[in-house]
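> below is the structure, and that's it, no one-letter string:
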């Protein structure tokens with residue numbers, strides 16, 4: 001399950017990639033240093049967000065998109 005589907009809270013995620021194809025994700029094959037760096041990045045983003053030093057989206061652009069496409073929250077499960 002994707003975390004953003006289950007909560008209305010902000011969710012920070014980082015896509016991890018590989019130079020060569022990796023078999024099915026359930027193999028547990030991951031580059032530990034890359035995961036550690038992604039974790040540090042997420043922690044720094046959370047610190048900046050909770051200090052109100054950064055935003056995840058442009059509020060005016062979000063208003064335009066909502067006006068154009070409607071409220072998307074109705075399609076997601078509420079917790």
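Great, that's in hand. Quantities reported herein were computed from a predicted structural model and do not represent experimental measurements.
> any weak-confidence spans in the chain?
1-4, 22-30, 74-79 (pLDDT under 70).
> where along it do the helices fall?
Applying DSSP state H to the chain gives helices spanning 32-50, 59-69.
> comparing those helices, which comes out most buried?
helix 32-50 (a mean of 12; mean count of other C-beta atoms under 10 Å). Glycine gets a C-beta too; all of them are placed from N, C-alpha and C.
> from residue 33, how far out is the closest residue to residue 56 other than its chain neighbours?
Nearest residue to residue 56, sequence neighbours excluded (C-beta to C-beta, 6 or more residues apart in numbering): residue 10, at 5.9 Å. Applying C-beta to C-beta, to the nearest Å, the value for residue 10 to residue 33 is 26 Å.
> need phi/psi at residue 54.
The phi/psi pair for residue 54 (degrees, to the nearest 10) reads phi -150, psi 160.
> do you know how far it is from residue 16?
22 Å.
> now render the helices of the chain as a markdown table, adding distance to residue 20.
A markdown table is the format used below for the helices of the chain (distance: least, C-beta to C-beta, whole Å):
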| stretch | distance to residue 20 |
| --- | --- |
| helix 32-50 | 14 |
| helix 59-69 | 37 |
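> with respect to residue 21, which of those helices lies nearest?
helix 32-50 (15.9 Å; C-beta to C-beta).
> ok, and what's touching that closest one?
10, 12-14, 16, 54-56 (C-beta atoms under 8 Å, 6 or more residues apart in numbering).
> got a markdown table for the residues you listed, with distance to residue 45 too?
Shown next, in a markdown table, are the contacts of helix 32-50 (distance: C-beta to C-beta, whole Å):
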| residue | distance to residue 45 |
| --- | --- |
| 10 | 9 |
| 12 | 5 |
| 13 | 10 |
| 14 | 9 |
| 16 | 16 |
| 54 | 7 |
| 55 | 11 |
| 56 | 9 |
